[in-house]
Structures are given as structure tokens and as C-alpha cells.
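Student: Pasting the sequence and the predicted coordinates here, then a few questions.
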Amino acid sequence: MAEEKFLVTQEGYDELVKEQDNLIHVVRDEVIRELQEARAQGDLSENADYDAARDHQARVEARIRELESMIAKAEIISEDKSSVANKTVTLGSTVTILDMDTNEEETYTIVGSIESDPLNGKLSNITPLASALMDNKAGDIVTIENVEEPYDVKIIALK
């Protein structure tokens with residue numbers, strides 16, 4: 001079975017590496033200090049601070065392992081020269097759309113699922129909206145299906 005790759009922009013990859021580095025070099029040291037302070041309080045069997053520090057340590061170590069796995073499986077989205085020349089929506093594209101029903105404009109960057117953040121304009125490539133927009137051009141009207149109520153959007157701009 002092939003190892004699953006995570007699609008991620010260079011910016012998203014850099015953020016994962018930065019978070020991992022911070023956890024390893026800053027947060028781990030803080031957790032060690034918390035554990036030392038809690039141990040200094042005496043009896044560990046009834047020490048809530050010690051239990052909390054151990055729990056914090058477990059969460060930090062789990063996140064470090066998760067980030068290591070994500071970074072190892074990351075595939076950085078490269079800018080496809082042909083899609084830029086054709087001006088079609090691909091992974092990494094920033095697209096402005098107009099909802100034909102509500103007449104509202106929205107702008108999204110199409111990214112891999114691990115860095116999606118719809119509230120901040122980063123839309124996962126596996127969402128119905130993003131997958132419907134793929135390979136279309138500015139000016140195209142696209143029907144978004146695989147949702148409760150299909151709707152149409154017009155691609156206004158593409159970067």
C-alpha cells in the first residue's frame with residue numbers, strides 16, 4: 001500500500017516545520033520545568049500539578065509525533081506552469097467567486113486538507129466547492145454539486 005501524501009503549500013509546510021521546532025525547542029523545556037516544579041512539591045501520588053504537567057507533556061509529545069509524520073508525508077504543491085499559462089484553477093490558486101444566488105463575492109486559496117482554514121480563506125481541495133472549481137477559468141460559471149442544494153458560482157478572478 002502506498003504511503004498517503006499530504007498536499008501542502010510551501011507556506012503551509014513552513015508553518016508545520018516552525019510549529020514542530022517551537023514544540024521541540026521551547027515548549028518541551030517549559031514542560032520539563034513544570035515537571036521539576038511539581039516534583040519539588042513532594043508526594044507525587046496526590047499532586048494535581050504533577051498530573052497536569054504529565055498530561056501537558058503527553059499532549060506535546062503526541063503533537064510532535066503527529067507533525068513529524070505530516071512533514072514526512074508532505075508533498076509541496078508546485079506551481080503548474082501549464083495551469084498558470086491557461087489560467088485554470090489548481091492547487092495553490094487563489095480564486096474569487098460570485099455566488100449567483102446571493103450575489104456575494106468570496107475569495108479562497110485552494111490548499112491541501114491539512115492546511116485548510118475556511119474562515120481564513122483557505123479551502124481544502126477535497127471540498128465540493130474546490131473540487132468543482134478545479135480546471136476552470138475566470139469567467140466560467142460552475143455548478144457546485146455533492147451538496148444538499150446545488151448552486152452556481154462564477155469565477156471572477158484567478159491568481
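Tutor: Thanks, I have it.
Student: which stretches of the chain have low pLDDT?
Tutor: Counting by pLDDT under 70, the ranges of the chain that qualify are 1-3, 44, 79-86.
Student: ok, longest helix in it?
Tutor: The helix spanning the most residues in the chain, taking DSSP state H as the definition, is helix 48-73.
Student: How far off centre is the helix or strand following it?
Tutor: Past helix 48-73, heading to the C-terminal end, the next element that is a helix or strand (DSSP states H and E) is strand 74-76. Taking C-alpha atoms, centre = their mean, to the nearest Å, one finds strand 74-76 lying 12 Å from the centre of the chain it belongs to.
Student: same check, this time on stretch 51-68
Tutor: In terms of C-alpha atoms, centre = their mean, the centre of stretch 51-68 is set 20 Å apart from its chain centre.
Student: what does it contact?
Tutor: With contact meaning C-beta atoms under 8 Å, 6 or more residues apart in numbering, stretch 51-68 is reached by 16, 19, 20, 23, 24, 27, 28, 31, 34, 35, 37, 38. Using the backbone N, CA and C atoms, a C-beta is placed for each residue, glycine as well.
Student: and the residue lying closest to the second one once chain neighbours are set aside, how many neighbours does it have?
Tutor: It stands for residue 19. Here the nearest residue to residue 19 in space, its sequence neighbours aside, is residue 67; by C-beta to C-beta, 6 or more residues apart in numbering that works out to 6.2 Å. Look at residue 67: counted by other C-beta atoms under 10 Å, it has 18 neighbours.
Student: the strands in the chain, which residues?
Tutor: Taking DSSP state E as the criterion, the chain carries its strands at 6-8, 74-76, 94-99, 105-111, 122-124, 141-144, 151-158.
Student: winner for burial among those strands?
Tutor: A comparison of those by mean neighbour count, using mean count of other C-beta atoms under 10 Å, puts strand 6-8 on top with a mean of 21.
Student: Within the sheet, what are the partner strands of that strand, with directions?
Tutor: Pairing partners of strand 6-8, with direction, according to DSSP bridges: strand 74-76 (parallel).
Student: quick one: contacts of the partner strand?
Tutor: With C-beta under 8 Å, 6+ apart as the contact definition, strand 74-76 has outside contacts at 5, 6, 7, 8, 9, 10, 13, 16, 112, 114.
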